[in-house]
Structures are given as C-alpha cells and as structure tokens.
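Student: fold the following.
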Amino acid sequence: MELFVSEGNPHCLKVLAALEVTGVQCGVQFVNHEGKVVPFLPRPAVPTLFLPSGQHLFSSNTICRYLFELNGPESSDQCNQWLEWEATILQPALLRALHLAVLQGKGSEVPKVLQGPLNVLDQSLVKGSMAYLTGEAVSVADVVLWGALHPVLSVSSLELSDHKSAKAWFDRVAAVRGCQSAAQKVLQGKGLEAMKSYMQKQPAPQSRDTQPCNSSPAENDEGERTVSEEEMEAAALTWSKDLNACSYPAEKQHPVMPQEGNRNVLITSALPYVNNVPHLGNIIGCVLSADVFSRYGQLRGWNVLFVCGTDEYGTATENKAREEGLTPQQICDKYHAVHSSIYKWFQIDFDFFGRTTTEKQTEIAQDIFWRLHKNGFLVEDTVEQLRCENCQRFLADRFVEGMCPHCSYPEARGDQCDKCGRLINAVELREPQCKVCRQTPEIRSSKHLFLDLPKLETQLENWLERSTSSGDWTANAKQITRSWLRDGLKPRCITRDLQWGTPVPHPDFKEKVFYVWFDAPIGYLSITANYTNEWEKWWKNPHQVELYNFMAKDNVPFHSVVFPCSLLGAQDNYTLVSHLIATEYLNYEDTKFSKSRGVGVFGDMAKDTGIPSDVWRFYLLYVRPEGQDSAFSWADMALKNNSELLNNLGNFINRGGMFVTKFFGGCVPAMELQQEDKKLLAVVGWELQQYIQLMDKVKIRDALKHILNISRHGNQYIQVNEPWKKIKGGESERQRAGTVTGVSVNIACLLSVMLLPYMPAVSQTIRDQLNAPQTCINTMLQGPGTFVCALRAGHRIGTVSPLFQKLEADQIEALKKRFGGQQPEDEPSNKKITASTQPAAVPAPPVVAEMKVVDGSDPEKAKQLAEAVAEQGDKVRALKSQKAEKAIITAEVSKLLDLKKQLALAEGKSPEPAPQKGKKK
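Tutor: Numbering: from 1, shown residues only. Predicted coordinates for the structure are as follows:
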C-alpha cells in the first residue's frame with residue numbers, strides 16, 4: 001500500500017493520524033496540492049491510498065475507516081454516524097472557519113462559526129459520560145474528528161473554552177500515540193500558517209462576507225437562539241392542535257374570479273419576447289419568481305390569479321421571420337410553443353399563458369388609445385428617425401447602435417445606454433449603425449403620436465406615493481422610478497413606422513402601429529380577457545385586487561411610469577400595480593448569456609442535462625439576484641446540490657422515514673415530549689415564522705434559508721439523540737427513540753409544505769412517502785405559522801427512498817465545457833484586471849493590415865475590419881463584466897473607436913459622426 005499526502009492539508013492530517021494510531025504498514029509519499037496522483041480523475045485528489053488490489057481510495061474518512069478495519073473490527077453504527085456528521089455538518093463549518101482564520105486573519109470570528117457543531121459534540125460527550133465518542137477506547141470517529149478540529153483547537157488564540165467536555169476529549173485524543181507526530185508532519189509546527197497554500201487553492205465558502213453577490217442563504221449561521229420556557233410551552237400547545245378540517249383543493253376552479261372578503265392577488269410576469277428562447281436569467285427574473293409567489297399565496301389561502309404570455313409584436317419578430325424565411329405570425333406560433341414547453345418543464349403553474357397577437361389585444365389597446373386621445377393626453381410631433389436605405393426601412397431603437405452622446409459608451413442602443421442608464425433618441429447617437437447590416441443609417445422625418453407624460457406627472461407622483469409606501473416595491477424599483485421622475489418626464493412616443501404590430505386606429509396614422517412599450521403591458525389585460533370575459537373584475541377593480549408585477553430591473557420604468565400613465569390617463573378605474581418586484585441580473589459564470597456564442601444554459605437545454613427541473617428551480621432561487629447581480633456557476637450548483645439538498649435536506653427527511661420503517665414497522669411511534677423536544681419545536685416554529693414573514697414580503701431567496709435551517713436543526717437533533725442506538729436499549733430508551741423519530745418525520749412533513757413553492761415535485765414526493773394527509777398543506781402556513789403534529793402515533797407512512805442524487809465532478813465539468821461556448825484563445829482571464837497585469841491579460845486588438853484611404857469602399861477590408869470591431873467589442877464587454885480598472889477599459893474603448901473609424905473609411909464613408917440635423921420639433 002502507498003499513501004499520498006500533502007503538507008498543510010487537514011484531510012491528510014486525519015489519514016496520517018489514523019495510520020500512526022493503527023500501526024498499519026504503509027508507504028507514505030508527500031506530494032504538492034496539485035499533484036495528480038490518480039490518473040483517471042479530472043482533478044487532483046489528495047490524500048489517496050493505493051491498495052494492493054490496484055484500487056484507489058481518495059475520501060479521507062473512507063481511508064481512515066479502512067485502516068482501522070484492516071486489523072480490527074468493523075466500524076460500529078455509532079462510528080459511521082459520527083463520520084457522516086463530520087463530513088456533512090462539521091466540514092462545511094470548518095471550511096468557513098479556516099477561510100476566516102487562515103486567509104482573512106479573522107480568528108476572532110471562528111468561535112461563532114463553529115458554535116453549532118461544537119455544541120453537538122459537547123452535548124454528546126456530556127450525555128455519553130465516556131472518555132471517547134463511542135466508548136472507552138479510541139475509535140476511527142475520534143481520530144477523524146480530532147484531525148479535522150486540530151488546526152483550530154490547537155491554536156491558543158482560537159481556543160474554544162466554552163466547550164469544556166469537547167476540549168477535554170480533544171486533549172485525550174491528542175495524547176494518543178501517533179496523533180501529535182502526524183500533526184507535526186502535516187503542519188510542520190507552523191500551525192495555521194502551514195495551511196495557507198492549501199486554503200488558497202480551495203473555493204471560497206459562499207457567505208455574505210466573502211461573496212456578497214452570490215451569498216448562500218443557508219450558510220450564514222446566526223448562532224443558537226435562546227428559547228424561553230414560554231416559547232417552548234406555546235410551541236408544544238400548537239403542536240397538539242388538530243389539522244384544519246378543509247383540505248387544500250387539488251385543482252383550481254376556473255375561471256378564478258375576485259372574491260368578496262378574501263385577499264385577491266393578481267400576479268403578472270413580464271411578457272417574454274417571442275422571438276428568442278429564454279435563458280436562466282430570464283426565467284428566474286420573471287416567470288419562476290412569480291410562480292413561487294403564486295404557489296405560496298395559494299398555500300396562505302389567498303385567491304390568486306397568475307397570468308403571463310408571449311410578447312409577439314415589433315421589429316424583433318419581423319427580423320426573426322426574415323432570418324427563418326417565415327411570416328411573423330408563423331414565427332410567433334413557433335416560438336410561443338417553444339416558450340410554453342420550456343415553462344411547462346420548469347413547472348411554471350400559470351393560470352393562463354396567452355399571447356399578444358389577438359383580437360382582444362387590438363380591442364383593448366385601441367380603447368385605451370382613444371380614451372387618452374379624448375382626455376387630451378396625446379400630442380402629435382414630427383420625429384427625426386434613422387432609416388436604413390440598405391434594409392429599406394425605419395430602424396426601431398434596438399436595431400441601432402452607436403456612441404452614447406452622454407458618456408461616450410460605444411455600444412449604446414437607440415433607446416437607452418446600458419452604461420450610464422440615460423434615455424436616448426436614436427438620432428442623438430454618434431456614429432450610428434444598423435445592427436442588421438452594419439450600414440450607417442440616414443436621418444428622416446416622420447409624424448408620430450406621443451403620450452404626454454408631463455401632463456400626467458402630478459397624477460403619477462400622487463399614485464406612486466401611495467403605492468410605494470403601502471406596497472412591497474423592491475429597492476431597485478423605487479430607485480429607478482425616482483431617477484426617471486427626478487429629471488422630469490418628457491413626452492414618450494407611442495407609435496412606430498412598422499408593419500407587425502397593433503394598428504393605430506387614428507386615420508392620420510393608419511400606416512403606423514403602436515410602439516411595443518405602449519402596447520406590450522396592455523397584453524396583461526388582453527391575456528386576462530382571453531382567459532375570462534369578466535376580465536374587468538380583475539383589471540378595473542383597484543379596491544378589491546392587489547396587483548403584483550414581476551420583472552428584471554430593465555423593465556421597471558415601463559411598469560412604474562409609462563404603463564401607469566397610460567392607465568391613469570384613460571380614466572377608466574384601472575387596477576394599478578400595488579407591488580413591483582424587480583430582480584437584478586443573473587450572469588453566467590463570469591460573463592453574459594449569449595445564444596449566438598453558445599454561452600450559458602437556455603430554457604430548452606436545461607432538460608437535456610439530466611438534472612431534474614426541481615434542482616434547477618432550487619439553485620436558481622438559491623442564487624436569485626434579489627439585492628444585486630449574482631451568477632450561475634456549475635461548481636456552485638454541484639456544491640449546493642450535494643451539500644444542501646443531498647447531505648442536509650434529503651439526508652434529514654430520509655433518516656426520519658427510514659427510522660419509522662426500520663424500527664417501528666412503518667407506523668409513527670408514540671411521542672412523549674421532553675424539554676429538549678419542546679425546544680426544537682419552538683426553534684422550528686420560529687424558523688417557520690421567519691419564512692412566512694419573508695415570503696409575505698417576496699424575499700424569496702432569504703426565505704429559503706429558513707427551510708434549510710430547519711433540516712439542519714433536525715439533523716443535529718437526530719445526531720445528539722442517537723435513536724439508532726437507543727432503540728436497542730431499555731423501555732425508556734426505546735420510548736425516547738420513538739419520540740425523536742416521530743418528531744423528525746413531522747418536521748419532514750412541515751418541510752414538504754414549505755418546499756412546495758420552490759420544489760413542487762419534491763414536495764409531492766415527500767408527502768407521498770410520508771402518506772401525509774392533504775389537510776397538512778393548508779394548515780402549516782396559516783396565520784404567522786402553525787407547526788402541528790400532522791402524523792400522529794399509529795399513522796402508517798409509505799415507501800421511503802432517497803430524494804436527491806449526487807452531481808459528480810466529471811459530470812459538472814462536462815456540462816461546464818458544453819455550455820461554455822467557443823471562447824477565443826486570447827480571452828481575458830476571469831480575475832479582476834489591474835494595470836500591472838494588463839499586458840498579459842488583455843491582448844491587443846486583432847491586427848488589421850494597414851490600408852490606404854482611397855475614394856470609394858474596400859469590401860474585403862471592410863469585412864475584415866467588421867470582424868475586428870465585433871471582437872474588440874466583445875473584449876470591452878468582458879472587461880466591464882470583470883470590473884476591470886477604468887483606465888484599462890478606456891484604453892480598449894479607444895481601440896474600438898479607432899477600429900470603427902477604419903471600418904467607416906473602408907466602407908467609403910466619413911469616419912466623423914454624422915452632423916445632427918436638428919431636434920424634435
């Protein structure tokens with residue numbers, strides 16, 4: 001046998017200590033952290049034990065157990081339970097503690113991070129009244145836990161004096177022959193300093209301290225709550241109550257209509273453009289977040305209607321139709337089906353999923369238009385527009401790109417600059433280009449209709465004051481809305497020179513259609529009208545209906561300013577938004593989603609990964625960009641699946657059910673609550689209350705933390721009470737095992753209800769396995785939260801099986817590569833770029849051969865330069881996404897502008913910006 005270890009690796013300390021304590025004859029080789037010892041593994045794996053049979057062991061706990069069992073008895077159940085606890089509970093906490101102490105110099109914060117696990121260890125040692133974890137002799141469990149804790153507990157400045165039994169046990173194990181020599185070999189007498197190189201190679205733990213943008217809702221221990229006697233007794237009293245008599249309706253009765261005396265909640269999700277396939281960011285920003293809240297509202301007993309549909313009019317659809325050789329209507333039919341299929345796979349439970357290319361859309365949009373016209377809120381004006389002669393059409397805002405007149409960002413759109421956020425008229429862009437053919441468009445005049453926002457500004461501000469103070473508007477929604485109002489509103493054009501759209505009914509504008517951002521939000525109304533002829537009971541009923549709008553932040557102004565002004569101006573008692581819920585952006589790894597470059601996971605691809613839709617839902621909600629941008633990461637998804645779903649949530653639910661099956665014949669045992677059980681009921685009840693308070697405020701990601709906290713409390717409760725051991729004891733111990741088991745499966749039942757909005761299929765599976773009564777669904781989330789004993793003594797559960805599967809490293813690596821796109825060899829690294837690293841990390845723009853400027857164009861050279869401009873543009877975007885230093889970005893932008901000038905010359909055009917021909921009259 002040969003054992004491969006490395007210095008500074010705490011896992012190697014465990015296996016070396018096991019080798020020394022057992023006295024097994026085995027060669028030892030020290031290698032570096034990155035040493036690829038096992039040739040068929042995609043990543044380094046140390047420690048590794050080569051067996052005489054040719055097999056490899058590379059789990060430190062498995063190696064330790066193998067060494068102990070080689071010349072001794074098989075590990076006991078108790079030993080195995082401790083090893084499982086070390087891997088699933090202690091190790092994640094230790095990783096955070098070591099990251100703080102070794103890399104951040106925050107040793108003073110370590111006791112708080114380790115308080116929970118050390119409480120478990122301390123209590124078990126006190127209860128057991130034994131010298132070691134499993135008896136009076138050292139076992140593999142003692143060596144593994146000692147080796148894991150040694151780097152922390154052996155440093156005097158980090159000594160955890162509050163846990164006296166744990167400290168005494170630690171000192172006893174340290175005195176065992178071989179333990180100290182193993183520590184000396186791995187740490188070289190340098191303590192935590194020896195671990196620095198190893199820790200720098202480890203992924204940073206996902207916490208608010210280290211990863212604010214992608215913080216993990218379940219990884220921020222707040223320490224153990226102090227529970228009063230009153231709380232315990234109140235929790236026990238609630239526990240003893242009966243389930244509600246009425247059962248949760250299996251299916252909604254359609255059409256759903258507002259009900260007198262009930263809370264009527266109308267939920268909309270921003271209408272996705274029909275001409276493309278939604279990516280993960282689109283899904284979490286709109287439909288998935290809305291679906292979670294809709295499901296939650298039904299659990300709370302609210303009367304909920306959830307509508308959405310595809311936004312099908314506009315230039316983007318015309319262009320897509322031209323690309324695919326179809327009519328716009330055929331494109332809409334095709335992609336509406338694609339969207340429907342994707343949302344069905346993600347289990348988005350719309351009450352109705354419609355579309356905007358309907359007669360109802362035309363009818364309602366034109367009615368609102370005439371009301372605005374009659375009430376004097378529309379004005380005519382002549383607009384200078386960009387027209388591409390090559391494409392023979394006026395260019396919609398998003399089909400023009402150029403330099404922002406305010407901040408000089410080179411890739412501003414024709415309606416808004418993504419860098420400075422300022423609104424732009426397309427004719428104000430410097431060096432404009434048609435995004436379809438890259439030709440320079442010309443300015444032409446055209447008469448249009450405008451919504452007179454300044455005339456509606458006072459009404460809007462009065463309404464906003466009421467809505468934002470009484471409703472739940474996200475901070476970014478309020479901020480974006482205030483920024484629009486701060487500069488004063490300006491008339492907003494509502495017509496376009498297009499063919500594919502809702503026709504303007506005014507005879508002077510019969511060749512025009514409504515601008516998509518006047519037309520599209522009216523789709524909420526028309527979609528509801530296609531769902532029920534009594535749609536006005538929802539949309540013209542502001543005193544009975546609460547409207548929730550879900551969207552990404554770029555859609556906020558149209559939902560908080562433009563659309564409300566349209567409805568206010570129509571003066572027809574419309575229901576306006578009460579709660580505007582906007583997310584930030586979800587990025588893909590360290591870049592943006594791009595269908596054309598094959599970067600990122602799009603909705604139609606997710607099911608092909610083999611990962612269940614509930615796991616996708618869980619992770620997207622786990623990293624939901626609630627307060628700031630976050631990022632999808634394959635490595636992080638695997639970590640959260642394996643640690644939170646498999647080892648935490650799934651492990652707890654499975655253990656309770658298996659104990660009922662194995663020890664009690666499949667029937668829930670009698671439960672006699674002790675103070676410890678009542679304390680757990682109170683803690684679980686508090687977590688349930690926090691969950692409800694957060695979900696009521698649409699803090700979907702933060703609420704998920706409390707689900708995972710409950711299963712963590714449950715795992716610790718099982719670990720401390722050891723029902724697998726007590727079931728073998730006397731009558732009182734068997735009774736205790738029954739109580740712990742019964743309480744555990746009832747907590748699992750509660751978790752199934754709390755999980756329903758997030759993971760509907762898993763929730764149903766848990767309830768099926770527990771054979772839980774339907775009435776548990778509409779009991780647990782009533783009022784501030786009601787944790788009752790849903791599974792009484794004698795209740796027979798169903799067949800229990802694991803809920804989740806591990807995501808393997810090779811599987812994740814393959815998926816990451818598959819969805820990583822075709823990256824250029826000279827793409828900048830993912831690290832933040834500084835001036836000192838710039839030459840290596842930021843390659844120069846592609847070399848383009850010098851050309852002589854001649855009269856006329858050079859098509860071949862123009863093609864070469866167009867590719868160079870596109871490449872340099874991608875480089876600038878990458879630098880910005882990596883938050884590179886301003887000086888570097890500016891330099892690369894200058895190179896981009898220079899390339900664009902060369903391109904203009906090659907196309908036989910003036911490299912200078914086209915002179916402005918005046919402003920709107």
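Student: contacting residues for A270?
Tutor: Shown in contact with A270 (CB atoms under 8 Å, 6 or more residues apart in numbering): 285-286, 549-552, 555, 559. C-betas here are computed from N, CA, C, even on glycine.
Student: in these, find the pair that's most separated.
Tutor: G285 and H559 (13.0 Å; CB to CB).
Student: re the thing from before, so which of the contacts of A270 sit within strands?
Tutor: Members of the contacts of A270 lying in strands (criterion: DSSP state E): 549-552.
Student: nearest to G569 among those?
Tutor: N549 (18.8 Å).
Student: what's the neighbour count on that closest one?
Tutor: 27 (other CB atoms under 10 Å).
Student: with N462 instead?
Tutor: Neighbours of N462 under the rule other CB under 10 Å: 11.
Student: can you redo the ones in strands among the contacts of A270 as CSV with pLDDT and distance to A772?
Tutor: Compiled in CSV, these are given as follows (pLDDT from 0 to 100; distance: CB to CB, whole Å):
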residue, pLDDT, distance to A772
N549, 97, 34
F550, 97, 30
M551, 96, 35
A552, 93, 36
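Student: mind listing the shared neighbours of G285 and H559?
Tutor: Shared contacts of G285 and H559, defined by CB under 8 Å, 6+ apart, comprise 270, 551.
Student: mind checking pLDDT for P151?
Tutor: Per-residue confidence (pLDDT) for P151: 86.
Student: how many residues are close by it?
Tutor: A count of nearby residues for P151, using other CB under 10 Å, gives 25.
Student: list the contacts for it?
Tutor: Shown in contact with P151 (CB under 8 Å, 6+ apart): 10, 13, 98, 187, 191-192, 195.
Student: between the residues you listed, which has the most around it?
Tutor: Counting neighbours by other CB under 10 Å, L13 leads the contacts of P151 with 28 neighbours.
Student: how far away is E74 from P52?
Tutor: As for E74, its distance to P52 is 20 Å (criterion: CB to CB, to the nearest Å).
Student: now the residue nearest in space to the middle of the chain, nearest residue through space, not along the chain?
Tutor: Within the chain, one residue has its C-alpha closest to the average C-alpha position: by CA atoms, centre = their mean, that is V623, at 2.5 Å. Take V623 and drop its neighbours on the chain: the residue closest to it by CB to CB, 6 or more residues apart in numbering is S630, 4.7 Å away.
Student: which one of the contacts of A270 is nearest to D333?
Tutor: Top of the list for closeness to D333, among these and by CB to CB, is C286 at 21.7 Å.
Student: neighbours of the closest one, how many?
Tutor: Number of residues near C286 (other CB under 10 Å) recorded here: 26.
Student: secondary structure class of M754, three-state.
Tutor: With DSSP: H, G, I helix; E, B strand; the rest coil as the basis, the three-state label of M754 is helix.
Student: list the contacts for it?
Tutor: So, once contact is read as CB under 8 Å, 6+ apart, M754 ends up touching 688, 691, 706-707, 710, 780-781.
Student: which one (most neighbours) among those?
Tutor: Neighbour counts for the contacts of M754 peak at I710, which has 27 neighbours (criterion: other CB under 10 Å).
Student: ok, now how distant is that residue from Q689?
Tutor: When CB to CB is applied, the distance between I710 and Q689 equals 12 Å.
Student: okay, strands next: where are they in the stretch 401-550 of the chain?
Tutor: Applying DSSP state E, counting those that start in this stretch to the stretch 401-550 of the chain gives strands spanning 412-413, 430-434, 442-451, 492-493, 495-496, 513-514, 545-552.
Student: G105: which of those strands is closest?
Tutor: Of all the strands of the stretch 401-550 of the chain, it is strand 545-552 that lies closest to G105, at 38.2 Å by CB to CB.
Student: strands paired with that closest one, and their directions?
Tutor: When pairs are called by DSSP bridges, strand 545-552 turns out to pair with strand 264-269 (parallel), strand 579-583 (parallel).
Student: possible to save the ones you listed as CSV with distance to F819?
Tutor: What follows is these, written out as CSV (distance: least, CB to CB, whole Å):
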stretch, distance to F819
strand 264-269, 25
strand 579-583, 21
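Student: so which of these comes closest to V304?
Tutor: Distances from V304 to each of the strands paired with strand 545-552 were compared using CB to CB; the minimum, 4.8 Å, belongs to strand 264-269.
Student: residues contacting that closest one, please?
Tutor: Taking contacts as CB under 8 Å, 6+ apart, the residues outside strand 264-269 that touch it are 258, 286-287, 289-291, 293-294, 297, 302-308, 524, 538-539, 541, 544-551, 575.
Student: give me the mean pLDDT for the next helix or strand after it.
Tutor: Heading C-terminal from strand 264-269, the first helix or strand you meet, by DSSP states H and E, is helix 280-282. When pLDDT is averaged over helix 280-282, the result is 89.
Student: tell me what helix 280-282 is packed against?
Tutor: If contacts are counted by 3 or more CB pairs under 8 Å, 6 or more residues apart in numbering; DSSP states H and E, helix 280-282 sits against strand 586-588, helix 603-606.
Student: kindly recompute the last result at 7 Å.
Tutor: Judged by 3 or more CB pairs under 7 Å, 6 or more residues apart in numbering; DSSP states H and E, helix 280-282 has no packing partners among the helices and strands.
Student: can you list the buried residues in the next helix or strand after it?
Tutor: Secondary structure here is assigned by DSSP H and E; on that basis, the next helix or strand after helix 280-282 toward the C-terminus is helix 289-299. Neighbour-count burial for helix 289-299, with 16 or more other CB atoms under 10 Å as criterion, is recorded at 289-299.
Student: quick one: which of those is nearest G820?
Tutor: The shortest gap between G820 and any of the buried residues of helix 289-299 belongs to S289, at 26.5 Å (CB to CB).
Student: pretty sure that closest one contacts F550?
Tutor: Yes. Between S289 and F550 a contact is recorded at 5.2 Å, counting by CB atoms under 7 Å.
Student: ok, S197 to V28 distance?
Tutor: When CB to CB is applied, the distance between S197 and V28 equals 19 Å.
Student: P52 now?
Tutor: Here the distance between P52 and V28 works out to 16 Å (CB to CB).
Student: who has more neighbours, these two?
Tutor: Here P52 and V28 are set side by side on neighbour count (other CB under 10 Å), and the busier one is V28, at 15 against 7.
Student: now that one, nearest residue through space, not along the chain?
Tutor: Leaving aside its sequence neighbours, V28 sits nearest to L3 (CB to CB, 6+ apart; 5.0 Å).
Student: that's a strand at the one you found, yeah?
Tutor: Yes. Counting by three-state DSSP, L3 is part of a strand.
Student: which residues of the stretch 501-650 of the chain score low on pLDDT?
Tutor: 595-597 (pLDDT under 70).
Student: now do the stretch 51-200 of the chain
Tutor: Along the stretch 51-200 of the chain, the model assigns pLDDT under 70 to residues 156-162.
Student: wait, R496 sits on W517?
Tutor: No. The criterion here is CB under 7 Å, and R496 misses it with W517 at 10.1 Å.
Student: give me the common contacts of these two.
Tutor: The contact sets of R496 and W517 do not overlap (CB atoms under 7 Å, 6 or more residues apart in numbering).
Student: ok, these two, which is more surrounded?
Tutor: Each of R496 and W517 has its neighbours counted (other CB under 10 Å); R496 has more, 25 against 21.
Student: beta partners for that one?
Tutor: Taking DSSP bridges, one obtains V513 as the residues bridged to R496.
Student: return the residues in contact with it.
Tutor: Under the contact definition (CB under 7 Å, 6+ apart), the residues listed for R496 are 396, 512-513, 515.
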